[in-house]
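In: this one's structure only:
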């Protein structure tokens with residue numbers, strides 16, 4: 001794969017991921033959304049479908065990492081680092097682009113995030129902070145505990161992804177070792193999507209399961225600059241946790257996989 005293919009694939013795939021993910025969070029959070037208050041299960045499946053759409057789209061170009069933690073895990077396992085920078089650059093650009101697209105989809109709802117005449121303070125009609133649409137916020141702010149959560153959850157993502165690669169015939173593209181014209185089923189991307197849903201349902205409660213530095217940092221940067229009424233803080237004091245935790249988790253997953261398999 002050329003650097004250009006990798007960059008374009010990761011930009012497009014990560015943008016789709018964030019469009020779906022931030023989109024479902026906006027749908028559940030914002031006033032005047034038909035899906036408002038539909039809950040955590042909807043959010044978990046929305047992010048899972050974002051992985052499904054983004055990874056399938058990007059796979060022919062870049063392999064569809066969409067996540068620096070995955071890229072680091074693969075590099076630790078294989079020892080191949082020369083393409084890491086282009087993956088990470090594409091993922092960050094794509095994450096920021098996806099956040100802007102999600103904002104544009106819900107532009108009217110974001111613009112309506114204002115106090116209206118007669119609104120009773122403390123009710124659901126109050127303007128709502130919007131950072132949670134774009135990035136993660138811990139339920140209990142404990143940096144050590146939050147970091148541990150992100151590390152473990154990311155291992156729970158990256159280690160199975162690496163293991164899926166040992167199952168010949170479930171990937172996208174020609175099957176290694178087979179004659180020309182024999183292609184994989186492509187079911188591996190579906191499995192990863194369901195894995196992300198499972199992580200959200202089982203491990204997402206404490207921190208909102210960033211498990212992806214680009215998914216959190218890119219949209220947080222965008223949130224800082226978007227002209228959203230009553231948007232609240234971008235919480236840069238916490239921003240290091242959903243970056244460092246997943247990077248450590250991805251590296252540990254790569255090390256575990258390389259050692260055990």
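Out: Alright, I've got the coordinates. Because the structure is predicted, anything quoted here is derived from the model rather than measured. Numbering: from 1, shown residues only.
In: tell me where the model's unsure across the stretch 101-250 of the chain.
Out: Filtered on pLDDT under 70, the stretch 101-250 of the chain yields the residue ranges 116-125, 166-185.
In: how does it look with 80?
Out: Within the stretch 101-250 of the chain, the segments meeting pLDDT under 80 span 115-126, 165-186.
In: residue 194 versus residue 13, what's the distance?
Out: 18 Å (Cβ to Cβ, to the nearest Å). All C-beta spots, glycine's among them, are computed from the backbone N, C-alpha and C.
In: element containing residue 33?
Out: Under DSSP states H and E, no helix or strand contains residue 33.
In: spit out the contact partners of it.
Out: Contact analysis of residue 33 by Cβ atoms under 8 Å, 6 or more residues apart in numbering lists 26, 27, 106, 109.
In: more crowded one of residue 13 and residue 194?
Out: Neighbour count, other Cβ atoms under 10 Å: between residue 13 and residue 194, residue 13 has more, with 30 against 14.
In: tell me the one of the contacts of residue 33 nearest residue 207?
Out: Distance to residue 207 across the contacts of residue 33 (Cβ to Cβ) is lowest for residue 26, with 19.4 Å.
In: just checking, the closest one touches residue 109?
Out: Yes: taking Cβ atoms under 8 Å as the definition, residue 26 is a contact partner of residue 109 at 6.9 Å.
In: which helices and strands sit right next to the helix ranked longest in the chain?
Out: For the chain, the helix with the greatest residue count under DSSP state H is helix 3-29. If contacts are counted by 3 or more Cβ pairs under 8 Å, 6 or more residues apart in numbering; DSSP states H and E, helix 3-29 sits against helix 40-62, helix 84-105, helix 131-134, helix 213-225.
In: closest to residue 234 out of those helices?
Out: Closest among the helices and strands packed on helix 3-29, using Cβ to Cβ: helix 213-225, at 4.5 Å.
In: distance between the longest helix of the chain and the chain's centre?
Out: Centroid displacement of helix 3-29 relative to its chain, using Cα atoms, centre = their mean, to the nearest Å, is 8 Å.
In: got it, and stretch 72-88?
Out: From the chain centre to the centre of stretch 72-88 is a distance of 18 Å (Cα atoms, centre = their mean).
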